[in-house]
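In: Could you work out the structure for the sequence below:
(chains A and B)
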Amino acid sequence: MRKQERLATKEHREHKNFMEAKPEADRKSLDDRNKMTELERIRHSAAHVLATAILRLWPEAQFAAGPPVENGFYYDVELSHRISPEDFAKIEEEMKKEIKANNVFEKIIVTREQAIKDAESGRLGGLAERPGNASKFKIGNLQDIPEGEAISYFKNGDFLDLCAGPHVMRTGNIGAFKLTQVASAYYKGDEKNPQLQRIYGTAFKNKTQLDEYFKMLEEAKRRDHRKIGAEMGLFAIDTEYVGPGMALWLPKGGAILEALETLAKETEFAAGYVRVKTPHLAREKMYKTSGHLPYYADSMFPAMHLPLEGDAKTKREQLESSALKRFEESTAKLISSAESNIKGESQTADVRAASEEFLAAQKGWNTLRDEKDPTESYYLKAMNCPHHHRIFAAEPHSYRDLPLRLAEYGTCYRYEQSGELFGLMRVRSMNMNDAHIYCTEEQFASEFNAVNEMYLKYFKIFGIEKYVMRFSTSAPEGMGKKYVNEPELWKKTEDMVRQVLIDSKINYVEVPNEAAFYGPKIDVQVWSVIGREFTLATNQVDFAVPAKFGLTYRAKDNTDKTPLCIHRAPLGTHERFIGFLIEHYAGNFPLWLAPDQVRILTLGDDEKLLAYAKEILAELRANMVRAEGDFGTDPIKAKIAEAEKAKVHTMLVIGGRDMDAGAVSVRLHGKGNVGAKPKAEAVAEILASIKERRA
RNA sequence: GCCAGCAUAGCUCAGCGGUAGAGCAACGGUUUUGUAAACCGUCGGUCGUCGGUUCGAUUCCGACUGCUGGCUCCA
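Out: Numbers count the residues shown, from 1 in each chain, chains lettered A, B, ... in the order given. Just a heads-up that it's a prediction; the model follows:
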């Protein structure tokens, strides 16, 4: 659950800027703090109670930060004892005692000097003074409080903590709580700082709400795409033979993938896109030019070193021969200058210069010579844009050709850290619903708008009602560092994007200083029907990289101009999008997406009945319906149970009664028997539902 | 990469210092059926891998690998 939240808040990685600096840690202002909801106060207070309990068990514990978070709270603690879930019961026991004591959360305002003194004595984040065990993290926290801001403590019972609050009135106001997990975290989130144990818990006003929360977690677990994916036979991750983070699409998952690609192809074709296809590899030069190397090298699969060939081989040979020539010439020159110097015909300085040149030439030649089997690096592509740029470069372009919309379900490979891999949500190989739109400045607004319209069209098809577009813009201080140094172009593009968002009345939030280095971007966050949040897609403007590849078109005034480029991937990657859809629909896909669209169930295997059933099956399959037959002698109850379990969307039950009437009995997954219908009507309905992609 | 938890049949799980069991699935039969499971049988596991302790390890200990929950990172 938490992982999804992080996926969402930290943005999806498609097209994300590799040069982007880490946003500065947010520090809540006192105003923000006063806006804390009652639930947040309960949770924040529960964190203090947690610390109180831990101190009663391990008085030497040092605490760092203990805020409320989306689903609960945590406190970061440094303690030589490794807290494990087995310790939770006794910690909770101590917490209950503190809650039962119903101590008041007392606010105390102190001077900075007093606070430093109390931190040094170990009193802060402790039950008493602890000589020789200073509250080191609290000292660090104190440094973050701006001069002039009031410094306050909160005290419950003996526990005194540096804290801006606010809290509930008394510890007894914490209704119901539970410790949930233990994790590790770096102090202030910086891996250079000490590693702390982060104890997570959750708290609610009352037991009922706590129970509801755990029930919701259960529901989320039930809908987990990994669980449903295995049950329905959609995908497999074969770590032993294929590798971690690389999904194999099984036939049934492949059917969903196919349905999505067809949707994308139709939608894009109608919107004037053209399809291209690119290899999965490229030479090092590609990523040096795009700017992805060396900054992004860590996230790419390591280079493949191939023997030199073609152009690279020629260049190498030229390099070797010129180095050798320089070496030989400098040797000859050194000898002759030494000779003339002996004869007194030249200066010693000349010999020194010749000798320096000789040494340099020798070094150059030796370096080349010692390089056994010179190779050239190839990389698996981590993004499709450079390949598309080279497609643009492959032919001359006129302004009349623009906008040029190149689309491809491109396969990308990213060497994500092992700890980050997560089902289909975070993988190392992915199929991206990618496209790059090359256009003139004048065309930009309408192109960008069309892309947004496409997003909305997709949202409607999938019943995604809650979404927000995060519009990330530049910041003046990053010009020339984080961002390409084109302040005017930035302003112009950002204004254009903002205007499009306003005009189209799209739900968006603007986030300054989070743009890509080559332009502003929009991340699309959606919520599934059970309220899980996903960042599915990214949409970016690029006014820098096309220039690096020297892309131009001939403008009306007969000059060569660099096109703008819009990166877009409305359906994200197959991996993440299907992962989202599985959880969104809980595996109960609408007919057009369902891997098993129709199953014909016969009552027995009577020859005439079978002929009738097979005729219907053939008709469906001739119309590309994913239909199959269950023609065995199992009882109909068993066939139905099996089909329901497999989440077959439409079951056609056929017995003698139906055959005689030229009908079929229709049963829909999860909805039960909807009655008999003439055969032709049932088939027509199935075809229409698929064609219209009905929900 | 870091911290913690987990790893037994295809799946869900039980068991335990004396080399393993259930249900479902699969397979072979029997069963000819009206809306969520008819019956019988068979197959199936170096108990994740490697090492240590032990007369003996699936069980205890360690390392590794993978998965999971977090952290860090993320185009």
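In: Next, the contact list for the residue of the stretch 51-200 of chain A found nearest RNA strand B, please.
Out: Nearest residue of the stretch 51-200 of chain A to RNA strand B (CB to the nearest atom of the strand) works out as A:Ala183 at 2.6 Å. All C-beta spots, glycine's among them, are computed from the backbone N, C-alpha and C. Contacts for A:Ala183 (CB atoms under 8 Å, 6 or more residues apart in numbering) come out as A:197-198, A:200.
In: JSON lines for those, including distance to RNA strand B and neighbour count?
Out: Compiled in JSON lines, the contacts of A:Ala183 are given as follows (distance: CB to the nearest atom of the strand, whole Å; neighbours: other CB atoms under 10 Å):
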{"residue": "A:Gln197", "distance to RNA strand B": "6", "neighbour count": "20"}
{"residue": "A:Arg198", "distance to RNA strand B": "5", "neighbour count": "19"}
{"residue": "A:Tyr200", "distance to RNA strand B": "7", "neighbour count": "19"}
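In: in its sheet, what does the host helix or strand of the residue of the stretch 51-200 of chain A closest to RNA strand B sit against?
Out: Using DSSP states H and E, A:Ala183 falls within strand A:176-186. If you go by DSSP bridges, strand A:176-186 pairs up with strand A:195-204 (antiparallel).
In: how about the helix or strand just after the partner strand against RNA strand B, any contact?
Out: Heading C-terminal from strand A:195-204, the first helix or strand you meet, by DSSP H and E, is helix A:207-222. No - against RNA strand B, helix A:207-222 shows no contacts by CB under 7 Å from any atom of the strand, the least distance being 9.3 Å.
In: buried residues in helix A:207-222?
Out: Under the neighbour-count criterion of 16 or more other CB atoms under 10 Å, helix A:207-222 has A:210, A:213, A:220 buried.
In: and it, what does it pack onto?
Out: If contacts are counted by 3 or more CB pairs under 8 Å, 6 or more residues apart in numbering; DSSP states H and E, helix A:207-222 sits against strand A:176-186, strand A:195-204.
In: Tell me which of these sits nearest to A:Leu402.
Out: Checking those against A:Leu402 by CB to CB gives strand A:176-186 as the closest, at 48.3 Å.
In: would you put the C-alpha positions of that closest one in CSV?
Out: What follows is strand A:176-186, C-alpha atoms only, in CSV (Å, rounded to 0.1, in the frame of the first residue of the first chain):
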residue,chain,number,x,y,z
ALA,A,176,-7.3,3.4,19.0
PHE,A,177,-3.8,2.6,17.7
LYS,A,178,-1.7,-0.2,16.4
LEU,A,179,2.0,-0.5,15.5
THR,A,180,2.3,-1.8,12.0
GLN,A,181,5.9,-2.1,10.8
VAL,A,182,9.5,-1.3,11.3
ALA,A,183,11.7,0.1,8.6
SER,A,184,15.0,1.9,8.3
ALA,A,185,15.4,5.5,7.4
TYR,A,186,18.2,7.9,7.3
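In: model confidence over that strand, on average?
Out: If you average the pLDDT over strand A:176-186, you get 81.
In: what is the nearest residue to A:His574 once chain neighbours are set aside paired to in the beta sheet?
Out: Computed as CB to CB, 6 or more residues apart in numbering, the closest residue to A:His574 that is not its neighbour in sequence is A:Asn431, at 4.2 Å. When assigned by DSSP bridges, A:Asn431 has beta-bridge partners A:Thr411.
In: State the number of residues packed around A:Asn431.
Out: By other CB atoms under 10 Å, the residues close to A:Asn431 number 23.
In: That one and A:Ala203, how far apart?
Out: Relative to A:Ala203, A:Asn431 is positioned 42 Å away (CB to CB, to the nearest Å).
In: Then A:Glu339?
Out: Distance, A:Glu339 to A:Ala203, using CB to CB: 92 Å.
In: what about these two, which has more around it?
Out: Neighbours per residue (other CB under 10 Å) separate A:Glu339 from A:Ala203, with A:Ala203 holding more: 28 against 12.
In: show me the contacts for the more buried one.
Out: The contact partners of A:Ala203, by CB under 8 Å, 6+ apart, come to A:42-43, A:46, A:72-73, A:174-178, A:210.
In: Which of those residues has the largest number of neighbours?
Out: In terms of neighbours by other CB under 10 Å, the contacts of A:Ala203 top out with A:Ala46 at 32 neighbours.
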